[in-house]
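Chemist: Return atomic coordinates for the entry below.
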Amino acid sequence: MLGLHTTAQAVLAVLLATSPASSSPSTSLPTEAGGRLWLEAADTRAKVAMPSLAPLVRGVEPAVVSVFVESRVGARVDLEAPFFDLFRRFGWRLEVPDVVNKGQGTGFIIHPDGYALTNEHVIEGAAKIQVRLSGTSEMVSATVVGADAATDVALLKLAGDRHDWPAVALGNSDGLQVGDFVVAIGNPFGLSQSVSLGIVSAKGRRDVAPSGRSGLHDFIQTDASINPGNSGGPLLDMNGAVVGINAALNAQAQGISFAIPINMVKREIPELLRTGRVERAWIGVSIRNVAPAIAKALGLDRARGALVVQLVDGGPGARAGLKRGDVITTFDGKAIDDSSDLPLLAASAGVGRRVTLGLIRDGQRKDLQLTLTAMPRAVARELTTTPTSPSPPVSNVLGLELETLNDIHRQQLGVPATQAGAVVVGVQADSPAAESGLEPGDIVITFNDVAITDAPSCAKAIEATPRAALVKLLVIRERETLFFALLKP
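Modeler: I've put the predicted structure just below:
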């Protein structure tokens, strides 16, 4: 006896055989495809040879982990509200439970003993850290071995005595070239083990703070898609080696993401393991870029180097004889093209090391030797940030609006009653003064090495200065004396 399926096929065959030749093609079945409504591909080989990232991802994926963080903060309660009068009247104790904040990021294991890397901002303030292994629901506790906020790097240790954790190899970020393909793996929006492909768009990005955090930045820029949750995940080269830690994205742009170069991280790992933090060296100076308009007047062939605008009393630079107005052009033989080069070179040079600075002073080249000391943690963040402020429009030829320093100014700015000078109350946008970094609240005390006692004397000195001449100012800002240089237009 025929089954129902076989019977149906037989009936269908009879209907097809007896159908008129003029039947509509839309209702007839294509017999050349064996009765299917599609054509089956005969060959699965690609007609165009394209590399697959699948082998790379399979090799690395087991070492990539999801990082889950819990932090506890005290709940905010309005204890002045009338409701709490009853508690105070009877001496009752009010207990308010902590609020638990939860966060998520990515990390990757770098050693079979269970050491892993992620971003410092992922685990910042964490009371509890757990990681989930790739392709499993297994959760493992982790502790922070060391962290560095300046470069946004943290070293974790997974709990347990296991010594066979899957680990990924670290590569050479210095060997990356703009245009090289890179792969990012992470957990964007909690979508674990997401893979994206892009290219290196730029290297050495120090002029950005896409996450809003100051620090010692030297980002790799890539267009590999990175979203919230990717932070701390690996950026890989085509050999499957880690060349960066995905750290930040530009939320106002599309296809622009940033990663910390792995070579920078390699230099920090031993210290993070040994002491839990990174000790950096410093010169004890505050610096700015040399404005193109004044480069020639300072004795430079082009705008380059780091212009010294402030010296820390007793710091290595001050002890070695650095002066405000010096332009540092080399650090231990390495060229300083942009002022952002100097903090990075100095920070990683080593505490106690003696180095040579090449500089231009009053148009003359000079070498200066100094011994680097440990950077105070309290000032590390300030030294890597260039402050800016809005500038109201004024009509002064240099872009300055000045008033004679009076008792009200002295009280507001915290300077002695005997201090004389001209206080900046406005700076015109796109003016020489704005370009040099002068700000409202600055007190001009010398103009081309001549003391300034009031606003009229400063205005007179400006008027007497020839056009295109170099103007040198000493300025008090927040009880510190800074040097500024600009050209009179």
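
Chemist: okay, now the nearest residue to residue 169 once chain neighbours are set aside: neighbour count?
Modeler: Among residues not flanking residue 169 along the chain, residue 241 sits closest, at 5.0 Å (Cβ to Cβ, 6 or more residues apart in numbering). (Glycine included, C-beta is placed from N, CA and C.) Other residues within reach of residue 241 by the criterion other Cβ atoms under 10 Å amount to 18.

Chemist: Kindly provide the distance from residue 241 to residue 103.
Modeler: Residue 241 sits 28 Å away from residue 103, taking Cβ to Cβ, to the nearest Å as the criterion.

Chemist: Can you give me every residue that contacts the residue nearest to residue 169?
Modeler: Listed by Cβ atoms under 8 Å, 6 or more residues apart in numbering, the contact partners of residue 241 are 168-172.

Chemist: Turn the residues you listed into CSV, columns for pLDDT, distance to residue 49 and neighbour count.
Modeler: Below are those laid out as CSV (pLDDT from 0 to 100; distance: Cβ to Cβ, whole Å; neighbours: other Cβ atoms under 10 Å):
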residue, pLDDT, distance to residue 49, neighbour count
168, 96, 27, 23
169, 96, 27, 13
170, 97, 30, 18
171, 95, 26, 22
172, 96, 28, 14
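
Chemist: circling back: how near is the residue nearest to residue 169 to residue 37?
Modeler: Distance of residue 241 to residue 37, given as Cβ to Cβ: 48 Å.

Chemist: now do residue 50
Modeler: 30 Å.

Chemist: For residue 107, pull up the helix or strand it's in.
Modeler: Assessed by DSSP states H and E, residue 107 sits inside strand 99-111.

Chemist: What is the neighbour count of residue 417?
Modeler: Number of residues near residue 417 (other Cβ under 10 Å) recorded here: 7.

Chemist: Can you tell me the closest non-neighbouring residue to it?
Modeler: residue 410 (6.1 Å).

Chemist: what's around the one you found, how many residues?
Modeler: For residue 410, using other Cβ under 10 Å, the count is 18.

Chemist: got the contact list for it?
Modeler: Going by Cβ under 8 Å, 6+ apart, residue 410 touches 416-417, 419.

Chemist: what number of residues lie near residue 103?
Modeler: 19.

Chemist: Give me the pLDDT for the spatially closest residue to it that is not a sequence neighbour.
Modeler: Spatially, and ignoring its direct neighbours in sequence, residue 103 is nearest to residue 69 (4.4 Å; Cβ to Cβ, 6+ apart). pLDDT for residue 69: 92.

Chemist: tell me which residues form a beta bridge with residue 69?
Modeler: Beta-bridge partners recorded for residue 69 (DSSP bridges): residue 103, residue 129.

Chemist: circling back to that earlier point, farthest pair in the contacts of residue 241?
Modeler: Pairwise distances across the contacts of residue 241 (Cβ to Cβ) peak at 14.2 Å, for the pair 168 and 172.

Chemist: Surely residue 273 is within a helix?
Modeler: Yes. Residue state for residue 273 (DSSP: H, G, I helix; E, B strand; the rest coil) corresponds to a helix.

Chemist: Contacts only, for it.
Modeler: Contacts of residue 273 by Cβ under 8 Å, 6+ apart are 115, 145-146, 155.

Chemist: Using TSV, please lay out those residues together with secondary structure.
Modeler: As requested, these are exported to TSV (three-state DSSP):
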residue	secondary structure
115	strand
145	strand
146	strand
155	strand
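
Chemist: Wait, residue 259 touches residue 237, no?
Modeler: No. Using Cβ atoms under 8 Å as the test, residue 259 is too far from residue 237 to be in contact (11.6 Å).

Chemist: Those two: which is more packed in?
Modeler: residue 259 (27 against 21).

Chemist: Now do the contacts for the more buried one.
Modeler: Each residue near residue 259 by Cβ under 8 Å, 6+ apart is listed here: 184, 219-220, 222, 235, 243-247.

Chemist: Could you give the bridge partners of it?
Modeler: residue 220, residue 246.

Chemist: Can we start the residue count at 40 from this point?
Modeler: From this message on, residue numbering opens at 40, which makes the last subject residue 298.

Chemist: Show the model's pLDDT score for it.
Modeler: The confidence metric pLDDT takes the value 94 at residue 298.

Chemist: Repeat that for residue 46.
Modeler: Looking at residue 46, its pLDDT reads 44.

Chemist: Also residue 61?
Modeler: 44.

Chemist: Pull up the overlap in contacts between residue 298 and residue 276.
Modeler: residue 282.

Chemist: so which strand or helix has residue 307?
Modeler: Per DSSP H and E: helix 301-314 holds residue 307.

Chemist: and if you look at residue 440?
Modeler: Assigned by DSSP H and E, residue 440 falls in strand 439-443.

Chemist: That strand pairs with which strands?
Modeler: strand 461-466 (antiparallel).

Chemist: Which element is encountered next along the chain beyond the strand it pairs with?
Modeler: Next along from strand 461-466, by DSSP H and E: helix 471-475.

Chemist: quick one: that following helix to chain centroid distance?
Modeler: Here helix 471-475 shows a centroid-to-chain-centroid distance of 26 Å under the convention Cα atoms, centre = their mean, to the nearest Å.

Chemist: Over to stretch 154-172?
Modeler: Put simply, stretch 154-172 sits 18 Å off its chain's centre (Cα atoms, centre = their mean).

Chemist: all strands for the stretch 240-389 of the chain, in order.
Modeler: Counting by DSSP state E, counting those that start in this stretch, one finds strands in the stretch 240-389 of the chain at the ranges 258-261, 273-275, 281-288, 296-300, 320-321, 324-328, 345-350, 366-370, 373-374.

Chemist: Out of the ones you listed, which is closest to residue 524?
Modeler: The nearest among the strands of the stretch 240-389 of the chain, by Cβ to Cβ, is strand 345-350 at 6.9 Å.

Chemist: quick one: that closest one to strand 366-370, angle?
Modeler: Here strand 345-350 runs at an angle of 110 degrees relative to strand 366-370 (axes from the mean of the first three to the mean of the last three Cα atoms, to 10 degrees).

Chemist: starting at the chain centroid, how far to strand 345-350?
Modeler: From the chain centre to the centre of strand 345-350 is a distance of 23 Å (Cα atoms, centre = their mean).

Chemist: now do stretch 97-112
Modeler: 21 Å.

Chemist: Now that stretch - C-alpha only, PDB.
Modeler: Output in PDB follows, covering the C-alpha atoms of stretch 97-112 (Å, rounded to 0.1, in the frame of the first residue of the first chain):
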ATOM      1  CA  ARG A  97      39.200  30.600  16.000                       C
ATOM      2  CA  GLY A  98      42.800  30.700  17.200                       C
ATOM      3  CA  VAL A  99      42.300  33.900  19.300                       C
ATOM      4  CA  GLU A 100      38.700  33.700  20.500                       C
ATOM      5  CA  PRO A 101      39.200  31.400  23.400                       C
ATOM      6  CA  ALA A 102      41.500  34.000  25.100                       C
ATOM      7  CA  VAL A 103      39.000  36.800  24.800                       C
ATOM      8  CA  VAL A 104      36.800  37.300  27.800                       C
ATOM      9  CA  SER A 105      33.800  39.300  28.800                       C
ATOM     10  CA  VAL A 106      34.400  41.500  31.900                       C
ATOM     11  CA  PHE A 107      31.600  42.100  34.400                       C
ATOM     12  CA  VAL A 108      32.100  44.800  37.100                       C
ATOM     13  CA  GLU A 109      30.100  45.700  40.100                       C
ATOM     14  CA  SER A 110      30.800  48.900  42.100                       C
ATOM     15  CA  ARG A 111      28.900  50.100  45.200                       C
ATOM     16  CA  VAL A 112      28.100  53.700  45.900                       C
END
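
Chemist: Before I go, just wanted to say thanks for your time.
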